[in-house]
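Chemist: mind folding the following:
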Amino acid sequence: MRRFLQVSLLTVLLLPLCASIASAHVLQSDGDIGAVLHIEPDDNPVSNQTTTYVLSFEDDTGHFSLTHCTCTATVLAGMSVISSKPLVMVITDPLESQDTFTFPKAAAYTLRISGKPGPAGSFQPFTLNYTVRVTGGAATTQPFPPLLWAGLGLGIALILLAAYAVETSNSTSKRGY
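Modeler: From the prediction side, this is the model:
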C-alpha cells in the first residue's frame, strides 16, 4: 500500500511538468514528412521583436534532406502573405532549419512550410501549417493556470484520502474489528 501511495504521489506531482513540456512543441506532418516547430524566445513570440524559429524535420522514408529540397517558409496574416523566403538549413544537420522573422503586431499568424524535391530529391511534396500566436509587449512565460493548481491539489487530496481509507480498512480488518 505504501508503494502505491508513493507512486501515486510522484505521478500527480510530475504530471504538470509533463503537460507543460508536451504543449511547447507540436509535430505537423504531411504524408511521410513532418517537422517540429520551436520558437524563441520560449515559444512565445512578441510583436516587433526578432523571433527565431527552428524546424526539426522527420521523414518516415529516410529520403528527405533540406539539401535536396526546394523549401519555403511563408508567413500569413489571414489570407495575406507577409513574407515568403527559402528555408535556411543548419549547417550541421540536413534535417534542421533555422531562420528569423519579426512579426509586425500581436495576432495569430500562419507559418506555412512547403517543400518539393530538388533534382536529387526523392520525397513527396509537402505543406505544413503552424498557427503562431504573437503577443504584444515584453515576452512572458506562460504560468501554470490557478484553476489547474486547484484541481491538482484536489486530486492529490483525494488520492491521499483514498489511500488513507484503504490503509485504515486493511489495518482494521487485520485486527479483527
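
Chemist: what helices or strands is the lengthiest helix in the chain leaning on?
Modeler: The helix that spans the most residues within the chain, counting by DSSP state H, is helix 146-175. With contacts taken as 3 or more CB pairs under 8 Å, 6 or more residues apart in numbering; DSSP states H and E, helix 146-175 sits against helix 2-24. Where you see a C-beta, it was placed from the backbone N, CA and C, and this is true even at glycine.

Chemist: need the contact partners of the helix or strand following the helix it packs on.
Modeler: Heading C-terminal from helix 2-24, the first helix or strand you meet, by DSSP states H and E, is strand 26-30. Residues from elsewhere that reach strand 26-30 (CB atoms under 8 Å, 6 or more residues apart in numbering): Gly34, Ala35, Val36, Leu37, Glu58, Phe126, Thr127, Leu128, Asn129, Tyr130.

Chemist: on that earlier part again, tell me the mean pLDDT for the longest helix of the chain?
Modeler: Averaged across helix 146-175, pLDDT comes to 72.

Chemist: how long is stretch 63-75 from one end to the other?
Modeler: Across stretch 63-75, the terminal residues are separated by 26 Å (CA to CA, to the nearest Å).

Chemist: can you give me the buried ones in that stretch?
Modeler: By neighbour count on 16 or more other CB atoms under 10 Å, the buried set for stretch 63-75 is Phe64, Ser65, Leu66, His68, Cys69, Cys71, Ala73, Thr74, Val75.

Chemist: thinking Val88 is in contact with Asp99, fair?
Modeler: Yes - here Val88 lies in contact with Asp99, judged by CB atoms under 8 Å, at a distance of 4.9 Å.
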